[in-house]
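>>> below is the sequence, then the predicted model.
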Amino acid sequence: MTAPDSTALRHDLANDLAHGGVLKTAAWRAAVEEVPRELFLRSFFKDAPGPRGHEYTPVSPDADVDEWLTLVYRNETWVTQLDGHLTADKATGPVTGFPTSSSTMPSTVVGMSEALDVDDGMTVLEIGTGTGYSTALLCHRLGEDNVTSVEVDPDVAQRADDALEATGFSTWTVTGDGLLGHPRRAPYHRTIATCALRRIPYAWVRQTKPGGIILATVGPSAWSYGTGLAKLTVKDDGTAEGSIIGRTSFMPARAEAVVPLSGDLAARAAYADTERKTSLSPDTLNDWMPAFLAQLAAPGAQLVRATSDSRETVYLFDTGREAFASLTADGDQWNLRQGGPVAIWDAIEEAVTAWRKAGEPDITSVRMAITPEAHAYWIGGQQITNDQRSYWLGGEEPALRWKHPYPPMTA
């Protein structure tokens, strides 16, 4: 098949991103206009509700080249792998599964590229090569020798490397655990992650030059929302500090991906240590900022909704600590049952209440800092360092502060 000419589509995509305020600089515009996204999306899935639940239909130029190319240049995220192994070129029709790799929508990719604030000659460490499209944009902007990209999945890494070679970029693509960075080529001027993380590894701080920037999505690993794009500057003393600059959503890092709970949920919550009423509805966690706060208060907790006899129960499970909270509607209140060594809903309720008292600030008001020992978030107040991760909200004096029973972060 003769390769289609996507010049006009690339130009239109650049125009759309510029009109949307995402594409701001000439150098990144040139990258968008000259890097053919179709080489990185030779096949993918489009998703829609189906008779078996959420279904994924393979798309490739073999079926309909015009539809395929049009979809490639839509400002959308396309799933490229299901369940850690199934790709669209191996699927013969609609399938079900759990997305494990994707090509992120161009507006997010370009927006993050702009936020990196790169200059000519800078080196970049990219965590999560994926299809390789964002890697190619970085190579176009900075030169292939200045880009190092790490991908944990060998098959995904090979396809990305092949696409990069076909585009003309022989960059440094590495198969490995991106949470460890890539010390061999460190230090880097910039570190960027295209996956979501519970916390930013201190290894990335060590491998980023003082004055350098780390850009990564932090927040819930168990939910697909409630995450924020953190932009941190590494300091001379080996710490990093910055803020959440906006909402963003990525698949979790493979090492932090949560296996969906199955089996008898009620049995998991059979033995409660405490029972009480609460006026805080679990529906509050459908909103972005409360979901972000909930995972600061109860990191790793999974939220599951179950219906029995037309009655819905909302569960939160922390399987690592064998703790749970279950909430069932009772008029304008909720019956709350909690069990295990930590009171999950108490912590979430305290965090959301303090946030509301502070005027419900947006996620962009959150600041954060990383040291070798601690990972801290706050809104207002003064930063406090301790030997474990800590979080607080408040004004001049923190109104709320809590610690997590996790060991100090290490590289």
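Yep, it's here.
>>> now residue 48: how far from residue 59?
With distances taken as C-beta to C-beta, to the nearest Å, residue 48 is found 12 Å from residue 59. Heads up, the C-betas are built off the backbone N, CA and C, glycines and all.
>>> show me where the stretch 251-400 of the chain has its strands.
Listed in chain order, the strands of the stretch 251-400 of the chain (DSSP state E, counting those that start in this stretch) span 274-278, 302-308, 311-318, 323-330, 333-339, 367-370, 375-379, 390-394, 398-403.
>>> which of those strands sits closest to residue 86?
Of all the strands of the stretch 251-400 of the chain, strand 302-308 sits nearest to residue 86, with 23.6 Å by C-beta to C-beta.
>>> so that closest one versus strand 311-318, what angle?
Strand 302-308 and strand 311-318 are oriented at 160 degrees to each other (axes from the mean of the first three to the mean of the last three C-alpha atoms, to 10 degrees).
>>> sorry, back to before: residue 48 and residue 59 - which one has more neighbours?
residue 59 (20 against 9; other C-beta atoms under 10 Å).
>>> ok, what's across the strand from that one?
With DSSP bridges as the criterion, residue 59 is bridged to residue 44.
>>> just the helices in the protein please.
For the chain, applying DSSP state H gives helices covering 7-19, 26-34, 65-72, 106-115, 133-142, 154-167, 202-206, 265-268, 288-297, 344-357.
>>> lowest-confidence stretch among the ones you listed?
When these are compared on average pLDDT, helix 265-268 comes out lowest at a mean of 78.
>>> could you check how far that one is from the centre of its chain?
What separates the centre of helix 265-268 from the centre of its chain is 29 Å, taken as C-alpha atoms, centre = their mean, to the nearest Å.
>>> buried residues in that helix?
By neighbour count on 16 or more other C-beta atoms under 10 Å, the buried set for helix 265-268 is 265, 268.
>>> for stretch 104-115, same thing?
Applying a neighbour-count criterion of 16+ other C-beta under 10 Å, one finds 104, 106, 107, 108, 109, 110, 111, 112, 113, 114, 115 buried in stretch 104-115.
>>> same question for stretch 355-367.
Of the residues in stretch 355-367, 355, 358, 363, 365, 366, 367 count as buried by neighbour count, 16+ other C-beta under 10 Å.
>>> hang on, isn't residue 156 packed against residue 129?
Yes - between residue 156 and residue 129 there is a contact under C-beta atoms under 8 Å: 7.0 Å.
>>> between these two, which one's more packed in?
Per other C-beta under 10 Å, whichever of residue 156 and residue 129 has more neighbours is residue 129, with 29 against 23.
>>> need the contact list for the more buried one.
Contact partners of residue 129, counting by C-beta atoms under 8 Å, 6 or more residues apart in numbering, are 135, 149, 150, 151, 156, 157, 160, 173, 194.
>>> between the residues you listed, which has the most around it?
The residue in the contacts of residue 129 with the most neighbours, by other C-beta under 10 Å, is residue 135 (31 neighbours).
>>> circling back to that earlier point, relative to residue 76, which of the buried residues of stretch 104-115 is nearest.
Distance to residue 76 across the buried residues of stretch 104-115 (C-beta to C-beta) is lowest for residue 106, with 8.5 Å.
>>> and that closest one, what does it touch?
By C-beta under 8 Å, 6+ apart, the residues touching residue 106 are 13, 17, 32, 37, 75.
>>> so where's the stretch 201-350 of the chain uncertain?
Applying pLDDT under 70 to the stretch 201-350 of the chain picks out residues 220-222, 257-263, 309.
>>> at 90 what do you get?
Of all residues in the stretch 201-350 of the chain, those with pLDDT under 90 make up the ranges 219-226, 248-271, 294-313, 318-322, 330-332, 342, 350.
>>> name whatever forms a beta bridge with residue 190.
Bridge pairing for residue 190 - DSSP bridges - gives residue 124, residue 213.
>>> number of residues surrounding it?
23.
>>> which one of the buried residues of stretch 355-367 is nearest to residue 373?
Out of the buried residues of stretch 355-367, the member with the shortest distance to residue 373 (by C-beta to C-beta) is residue 367, at 18.0 Å.
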